[in-house]
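Enquirer: Okay, predicted coordinates and the sequence, questions at the end:
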Number of protein chains: 4
Amino acid sequence: MKKIALLTSGGDAPGMNAAIRAITRKAIHEGFSVYGIERGFEGIINNEIRPLHARDVGGIITTGGTILRTARYPEFKNLDVQKRAYQILQDFGIDHLIVIGGDGSQAGAESLMRLGQSTITIPCTIDNDMNGTQYTIGFDTAINTVVDAVGRIRDTSNSHERVAIIEVMGRHAGHIALQSGLASGAELVLVPEYPMPLDEVCEHINKTHQLGKEYSIILVAEGAYESGEVKEYIKNHTYFDPSLTVLGYLQRGGAPSALDAILAARMSELAIDCLVQNIDNCITGYIDGQIRAIPYEKAKHMRFGIDKQQYELISILSH
Amino acid sequence: MKKIALLTSGGDAPGMNAAIRAITRKAIHEGFSVYGIERGFEGIINNEIRPLHARDVGGIITTGGTILRTARYPEFKNLDVQKRAYQILQDFGIDHLIVIGGDGSQAGAESLMRLGQSTITIPCTIDNDMNGTQYTIGFDTAINTVVDAVGRIRDTSNSHERVAIIEVMGRHAGHIALQSGLASGAELVLVPEYPMPLDEVCEHINKTHQLGKEYSIILVAEGAYESGEVKEYIKNHTYFDPSLTVLGYLQRGGAPSALDAILAARMSELAIDCLVQNIDNCITGYIDGQIRAIPYEKAKHMRFGIDKQQYELISILSH
Amino acid sequence: MKKIALLTSGGDAPGMNAAIRAITRKAIHEGFSVYGIERGFEGIINNEIRPLHARDVGGIITTGGTILRTARYPEFKNLDVQKRAYQILQDFGIDHLIVIGGDGSQAGAESLMRLGQSTITIPCTIDNDMNGTQYTIGFDTAINTVVDAVGRIRDTSNSHERVAIIEVMGRHAGHIALQSGLASGAELVLVPEYPMPLDEVCEHINKTHQLGKEYSIILVAEGAYESGEVKEYIKNHTYFDPSLTVLGYLQRGGAPSALDAILAARMSELAIDCLVQNIDNCITGYIDGQIRAIPYEKAKHMRFGIDKQQYELISILSH
Amino acid sequence: MKKIALLTSGGDAPGMNAAIRAITRKAIHEGFSVYGIERGFEGIINNEIRPLHARDVGGIITTGGTILRTARYPEFKNLDVQKRAYQILQDFGIDHLIVIGGDGSQAGAESLMRLGQSTITIPCTIDNDMNGTQYTIGFDTAINTVVDAVGRIRDTSNSHERVAIIEVMGRHAGHIALQSGLASGAELVLVPEYPMPLDEVCEHINKTHQLGKEYSIILVAEGAYESGEVKEYIKNHTYFDPSLTVLGYLQRGGAPSALDAILAARMSELAIDCLVQNIDNCITGYIDGQIRAIPYEKAKHMRFGIDKQQYELISILSH
């Protein structure tokens, strides 16, 4: 009986548990035995590997976080550590390793692949910033969390007729800011991809309020600006004294949205179907409405940035 | 200045207000003047047509229902009524009519098209059962509502170790049952597309509980079975005495999910962009990850049923 | 070391797990050893008794249902069964039994008390219908669930300008209907305590709509009317064709509200403090803002019905 | 016909709109005519006073914020400004002024009282820190919002086995931190009422983790510590590197909880009943489970701090 091991790595994201459940049950259905590794790649080194049975993953589909825990493990960049991990997996007789995580996690999987390990990566990060896929599990939950938070802040901003600045995650990519801005009717989003000088931001606010709006919402991706700086600048250069809220870790938790739970199930299914057919070392990418196995090498060249048309749509619709 | 009128028709769906906001503001941005028609097609006949300005649609993006109200209006199948409506739209000088609704609403738009009216349909119904699009606005919100309800019922079913039957909408299509079943980890879904004899249902429940599960969730699309009948049959043919919950109108309301609000914005943008380019009489379909204008005639032949592989995945993952 | 056993019984309610956690940890803090009994009183008979440690009750405070499971067990009315249960508790050396549940569960506790068992009852049922307390754990969560559901149904009723009938729990008492009606702005509530003839209901609806309201919400406690009958009567005697939604088991689940989790903690604390002081055979009642130990005998005579003034307030505020 | 004017003032709180609705309809029911003042006390000075009819307050009961807007207006401490406001209310013929807000708002009401204006204050602030009442409208919603946020942050803290610091509102009182800590099972709460040295905080964390807990949640009321300082201290004095989330304005918004909407209705009813009976210049206080009119003078001496026993209960239950 072939053995599959799975781990979650990097920042956690809603839907990781749904993926753990789906991989485990689908793999067992296809005749594999399944092992869970605790705390990501570090767990391999620490021999934290235990069997996962169908009943072990009951009741977790709608829970946030990951029952396998996760960790960042920078030491895994070291080739010696990778070799040690590879050897441990061999000793356990692990035929295939499934990694659930973001691009750092995929890099870990690829380094083991180079040593001969068969791997598959399930894209799972709230940031939606991986190559080879237009969608990563956890993103939909995160933007719904942001939209809910914006709604609450809108209530009080409206009552006080204030400008509200809300900082959201996104160090390198503005996906969360852009999509939650579109969904919540934000007046302005600041994203790393389209740097906007702060005096233009002020101008935009002034114009918005001349249209008769009595409050406005500005979403700032953390990679676009230090949000406190935006607040200060607006305060010093307009008549407005904005409030500031930093959503932070709130965006990482919660029960997965329906979409994230569904994609976790479907991507997990594809991962196991691939292994049955001896296809591996790929990411289960969501491309143009289809879930497909994209080899790591090919995924590198498939980069999906934020959509400029959607970015501009926010301005049009905020008028 | 060209005139656009818009109406919502048929069963309401979350995201209708987001679409009304987006159409209005995008159309104004493109130089149109915009009119809202109250209560669907009946509102044309009753001359319930009023200008919509950018400020009229503020603060509605996250609200459920429709500020334009909606109605079912079977009389509109009558050619004389259609002609009267066409004439009234002409009298008001309406260049383009945008209809937000499901397939019945699209049929209304098509009947006006045949009389010479330029129209566009934005697919908006919780049932996700329209031709020419793989996705209809409102569906994502509805399945999230169902998943939340299933979670609550799961708590009590688990505590009492009961079988829970939950009836969801879907007279002709099992989309809601299937997708919310996948997302919530239901043990079984009954959909009109794959009729399952009730003794097979009982067998399935028995098998599930032999696996060690202490409760199970069965989602029944209203078009698959009368849910009370399922309850009785199980009670009479197994050792289980299932509970029954009919979710009903709960599934129609609520703030739109992020995805529904985003698609409402993007489909509305496309609708106006089409009219600017003199493209009309089409549905703004979501096909393979893209939003595209699909002519009514072509849409007829693009039918997207539920996915058999996903249907079978539910069984695999419930083990 | 003295031994405490606890069980949950009857219909489950949000906050049961919060109470299990609080009892266990507070009791351990006070030097008791703690045992959990599975499936209510039946679990005693079946010897389903196991030690509970502080770590066993981690992570459950915000979960719905009960980790100890619950069951209805009509056989417990039989004196022979009670004696058997008493003997088993003696054999296990259980000094005190804590029962978490509604009035049926309290009756079970009292029958064991009569045989010599020391007991305490923590009032926990969504119905808020126990003597000796003005509040039962689970009620606040239930009415928030109902208010959320009413909000969703209001969206669609408003869009369609319909009368919506919503059936809520409450076989003998109208607490849920009344409080969720007040909180959601329902136009009318039908409760068992104040029977209203159906023609008066129709009159009320007609009057409401003459005031300019375009839709209305009627909450029906299941003990007041068969809700389908209300729907039919209104349909046959007014111009309205109401929609009907039966909320059912939805009202039983979900994470406990803050208030329910807080009262679970505080009532559990009082229960253990009582046992430390050799006070027992009482219910931890919430009376006039204080949590107090009310002896079963005294509790019998403290009956808190629904408040007539609040019932009338609904009518006043719906105008 | 006697005239009542109402205003919302200071920080907004969920339930303000429910109170506006209830006051308006109950007052009309009792034969008053009702006026709404925009933007708090400043709105009096600016003559922003308009009639409120029963239909004007439809559909607002479950919305956050305040349809009358609110503002902080420090100039109102000036006696001349107060006199001007009093005169304007006289000119409008306002018999009674109802102020919905916190202690600053009550101070404004009292200053007008001293000039001869009849007033009533409805306690409404998320901070629950007013004299003369054990409960203020908005508090229950705020702690439910915090509990939900803690749940999300718990998911990710658990997955990463981290210490999470969460800053909540409460400059002078720890009510929010304490009650949401009890409800969410936080390991530690830092409140202004019981200052805890930071090395004791570290000790507490170390002890918690020696008990086998793999993560912990610390709630910090903003008045207890600068939360960034807590984070730094823990990082420098333990092996833990805590995450920090500042919930900020999130706590102010959202639909009111059932309890807040109910108390808004009941306190509003009492306010109008008082005016009918010529009782005024009081706060509608919640005392020991009853809503009562407490004269301003008497309210001053009724101070309800946080409960020490509940504060200690958090420690006991976190073990």
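Expert: Sure, I can see it. Just so you know, these numbers come straight off a predicted model, no measurement behind them.
Enquirer: ok, is the lengthiest helix in chain A in contact with chain B or not?
Expert: Ranked by residue count, the top helix of chain A under DSSP state H comes out as helix A:139-160. Yes. For helix A:139-160, a contact with chain B is found by C-beta under 8 Å from any C-beta of the partner chain, at A:140, A:143-144, A:146-147, A:151, A:158. All C-beta spots, glycine's among them, are computed from the backbone N, C-alpha and C.
Enquirer: Need the residues that contact the following helix or strand past that helix.
Expert: With elements assigned by DSSP states H and E, the helix or strand that comes after helix A:139-160 is strand A:163-168. By C-beta atoms under 8 Å, 6 or more residues apart in numbering or on different chains, the surrounding residues in contact with strand A:163-168 are A:146, A:149-150, A:153-154, A:156-157, A:176-177, A:180, A:205, A:215-222, A:227, A:230-231, A:234, A:240-248, A:251, D:249.
Enquirer: give me that answer again for 7 Å
Expert: The contact list for strand A:163-168, computed with C-beta atoms under 7 Å, 6 or more residues apart in numbering or on different chains, reads A:146, A:150, A:153, A:157, A:176-177, A:180, A:205, A:215-222, A:227, A:230-231, A:234, A:240, A:242-247, A:251, D:249.
Enquirer: picking that back up, tell me what angle the longest helix of chain A forms with helix B:139-160.
Expert: In terms of direction (axes from the mean of the first three to the mean of the last three C-alpha atoms, to 10 degrees), helix A:139-160 departs from helix B:139-160 by 100 degrees.
Enquirer: related to what we said a few turns ago, let's see if you can find the most crowded of the residues of helix A:139-160 next to chain B.
Expert: Using other C-beta atoms under 10 Å in any protein chain shown as the neighbour criterion, A:Ile143 leads the residues of helix A:139-160 next to chain B with 30 neighbours.
Enquirer: Need the per-residue pLDDT for that residue.
Expert: A:Ile143 carries a pLDDT value of 98.
Enquirer: which among the residues of helix A:139-160 next to chain B are in contact with chain D?
Expert: A:151, A:158 (C-beta under 7 Å from any C-beta of the partner chain).
Enquirer: Show me the shaky parts of the stretch 1-150 of chain A.
Expert: Nowhere does the stretch 1-150 of chain A drop to pLDDT under 70.
Enquirer: For it, give the residue positioned nearest to chain D.
Expert: Nearest residue of the stretch 1-150 of chain A to chain D, counting by C-beta to the nearest C-beta: A:Gly64, 3.2 Å away.
Enquirer: So for that residue, what's the nearest residue that isn't a sequence neighbour?
Expert: The shortest distance from A:Gly64 to any non-neighbouring residue, by C-beta to C-beta, 6 or more residues apart in numbering or on different chains, is to D:Asp155 (3.2 Å).
Enquirer: repeat for A:Val57
Expert: Closest to A:Val57 by C-beta to C-beta, 6+ apart is A:Arg21, at 4.0 Å.
Enquirer: you'd agree the one you found is up against A:Gly59?
Expert: No. Counting by C-beta atoms under 7 Å, A:Gly59 is not a contact partner of A:Arg21; they are 9.0 Å apart.
Enquirer: Quick check: pLDDT value at A:Ala255.
Expert: 96.
Enquirer: Not counting its neighbours along the chain, what's nearest it?
Expert: Nearest non-adjacent residue to A:Ala255, counting by C-beta to C-beta, 6+ apart: A:Thr62, 4.6 Å away.
Enquirer: what sits against the one you found?
Expert: Neighbour list for A:Thr62: A:255-256, B:151, B:184 [criterion: C-beta under 7 Å, 6+ apart].
Enquirer: A:Ala293: which element?
Expert: strand A:290-295.
Enquirer: hey, C-alpha coordinates of that strand in PDB?
Expert: Output in PDB follows, covering the C-alpha atoms of strand A:290-295 (Å, rounded to 0.1, in the frame of the first residue of the first chain):
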ATOM      1  CA  GLN A 290     -10.800  24.800 -14.300                       C
ATOM      2  CA  ILE A 291      -8.700  23.000 -11.700                       C
ATOM      3  CA  ARG A 292      -5.600  21.600 -13.400                       C
ATOM      4  CA  ALA A 293      -2.300  20.100 -12.500                       C
ATOM      5  CA  ILE A 294       0.400  22.600 -13.400                       C
ATOM      6  CA  PRO A 295       4.000  21.400 -13.200                       C
END
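Enquirer: From the contact counts, what lies against that strand?
Expert: helix A:258-276, strand A:282-287 (3 or more C-beta pairs under 7 Å, 6 or more residues apart in numbering or on different chains; DSSP states H and E).
Enquirer: counting contacts, what elements does the shortest one pack onto?
Expert: If I follow you right, that is strand A:282-287. Packed against strand A:282-287 by the contact rule (3+ C-beta pairs under 7 Å, 6+ apart) you find strand A:118-123, helix A:258-276, strand A:290-295, helix A:296-299.
Enquirer: try 6 Å
Expert: strand A:118-123, helix A:258-276, strand A:290-295 (3 or more C-beta pairs under 6 Å, 6 or more residues apart in numbering or on different chains; DSSP states H and E).
Enquirer: Using CSV, lay out these together with mean neighbour count.
Expert: Formatted as CSV, the helices and strands packed on strand A:282-287 follow (neighbours: other C-beta atoms under 10 Å in any protein chain shown):
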stretch, mean neighbour count
strand A:118-123, 28
helix A:258-276, 25
strand A:290-295, 16
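Enquirer: C:Leu317: which of those is closest?
Expert: For those, the distance to C:Leu317 is smallest for helix A:258-276, at 35.9 Å, taking C-beta to C-beta.
Enquirer: Need the residues that contact the longest helix of chain A.
Expert: The contact list for helix A:139-160 (C-beta atoms under 6 Å, 6 or more residues apart in numbering or on different chains) reads A:14, A:126, A:128, A:164, A:168, A:176, A:179-180, A:183-184, A:215, A:245, A:247, A:251, A:254, A:256-257, A:259-260, B:62, B:258, D:12, D:64-66, D:69-70, D:249-250, D:252-254.
Enquirer: Please give me every residue in contact with the closest residue to chain B within the stretch 1-150 of chain A.
Expert: Scanning the stretch 1-150 of chain A for proximity to chain B using C-beta to the nearest C-beta identifies A:Ile61 as nearest, at 4.0 Å. Counting by C-beta under 6 Å, 6+ apart, A:Ile61 touches A:18, A:21, B:185.
Enquirer: Derive a PyMOL selection command for the buried subset of those residues.
Expert: To isolate the buried ones among these in PyMOL, judged by 16 or more other C-beta atoms under 10 Å in any protein chain shown, type:
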select buried, (chain A and resi 18+21) or (chain B and resi 185)
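Enquirer: Take the contacts of A:Ile61 and keep only those in helices.
Expert: If you go by DSSP H, those have A:18, A:21 in helices.
Enquirer: Go through the contacts of A:Ile61 and name the one nearest B:Leu52.
Expert: Taking C-beta to C-beta as the measure, B:Leu52 lies nearest A:Ala18 of the contacts of A:Ile61, at 41.4 Å.
Enquirer: Please enumerate the strands of chain A.
Expert: With DSSP state E as the criterion, chain A has strands at A:3-8, A:33-37, A:49-51, A:96-101, A:118-123, A:163-168, A:188-190, A:216-221, A:243-246, A:282-287, A:290-295.
Enquirer: can you redo the ones you listed as a markdown table with distance to C:Gln82?
Expert: A markdown table is the format used below for these (distance: least, C-beta to C-beta, whole Å):
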| stretch | distance to C:Gln82 |
| --- | --- |
| strand A:3-8 | 50 |
| strand A:33-37 | 46 |
| strand A:49-51 | 44 |
| strand A:96-101 | 52 |
| strand A:118-123 | 54 |
| strand A:163-168 | 59 |
| strand A:188-190 | 66 |
| strand A:216-221 | 62 |
| strand A:243-246 | 57 |
| strand A:282-287 | 58 |
| strand A:290-295 | 58 |
